[in-house]
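Participant: here is the input, now give the coordinates:
(2 chains)
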Amino acid sequence: KNQVEQSPQSLIILEGKNCTLQCNYTVSPFSNLRWYKQDTGRGPVSLTIMTFSENTKSNGRYTATLDADTKQSSLHITASQLSDSASYICVVSWANQAGTALIFGKGTTLSVSS
Amino acid sequence: EAGVAQSPRYKIIEKRQSVAFWCNPISGHATLYWYQQILGQGPKLLIQFQNNGVVDDSQLPKDRFSAERLKGVDSTLKIQPAKLEDSAVYLCASSTPPSAGGGYTFGSGTRLTVV
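Facilitator: Next up is the predicted model:
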């Protein structure tokens, strides 16, 4: 069964600290893995997208890693800011006959406090 | 590039009433998706269109939910009659084919509250 599991479910950190979010998946066949940031009441916004052959990708203070052998990914946030408070969703995609199908994790809720 | 447009942003209805949501995808995106996101959970795919044809509607509660994309561009999602458990954010997304990068863009969603 295609599944995406994320941990921790929620996380509270102080402004300026770093944190790492985890994602394990069992989706097959694998197309790519995406990390999204979703602010409350808004649609998800893409942070990174990695294919099977990519191990790491950065987007500003966000760095995602991917180990396709162990089917694990992580999202590292450096020097957190209050605006980083959001839900971070790991999404694994595979290609169906018409396009791209996505399997979503339940997300990690990050709260950054001052 | 304009994003995926959705309306309304918020809707409050009583149970057993009907409601409709509208989505305008990014120009040129042939594939359009509707997702239901219940508070605290990841989005769940309801239906996927390729142009005006349905590719996947296996998780759409067809006894009360319907969706159409008649001209292969805009799409509407309808719930009739609504139940309390339908309270959620309804997200529309569109994408390019995998051969064109598989770019995937979400709209801001419609937050539905059923009372």
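
Participant: give me the contact list for the longest strand that chain A contains.
Facilitator: Looking across chain A with DSSP state E, the single longest strand is strand A:86-95. The contact list for strand A:86-95, computed with C-beta atoms under 8 Å, 6 or more residues apart in numbering or on different chains, reads A:2, A:4, A:6, A:21, A:23, A:25, A:27-40, A:44, A:47, A:73, A:75, A:100-110, B:42, B:98, B:102, B:104. (Glycine included, C-beta is placed from N, CA and C.)

Participant: could you redo the last one with a cut-off of 6 Å?
Facilitator: Residues outside strand A:86-95 that contact it (C-beta atoms under 6 Å, 6 or more residues apart in numbering or on different chains) are A:4, A:6, A:21, A:23, A:25, A:27, A:29, A:31-39, A:44, A:100-105, A:107-109, B:42, B:98.

Participant: buried residues in it?
Facilitator: The neighbour-count check on strand A:86-95 (16 or more other C-beta atoms under 10 Å in any protein chain shown) flags A:A86, A:S87, A:Y88, A:I89, A:C90, A:V91, A:V92, A:S93, A:W94, A:A95 as buried.

Participant: and stretch B:100-111, by the same measure?
Facilitator: The neighbour-count check on stretch B:100-111 (16+ other C-beta under 10 Å) flags B:G102, B:Y104, B:T105, B:F106, B:G107, B:S108, B:G109, B:T110, B:R111 as buried.

Participant: so the lowest-mean-pLDDT helix or strand in chain A versus strand A:86-95, what angle?
Facilitator: Using mean pLDDT, DSSP states H and E, strand A:100-104 stands out as the lowest-scoring helix or strand of chain A, at a mean of 81. Going by axes from the mean of the first three to the mean of the last three C-alpha atoms, to 10 degrees, strand A:100-104 is angled at 140 degrees with respect to strand A:86-95.
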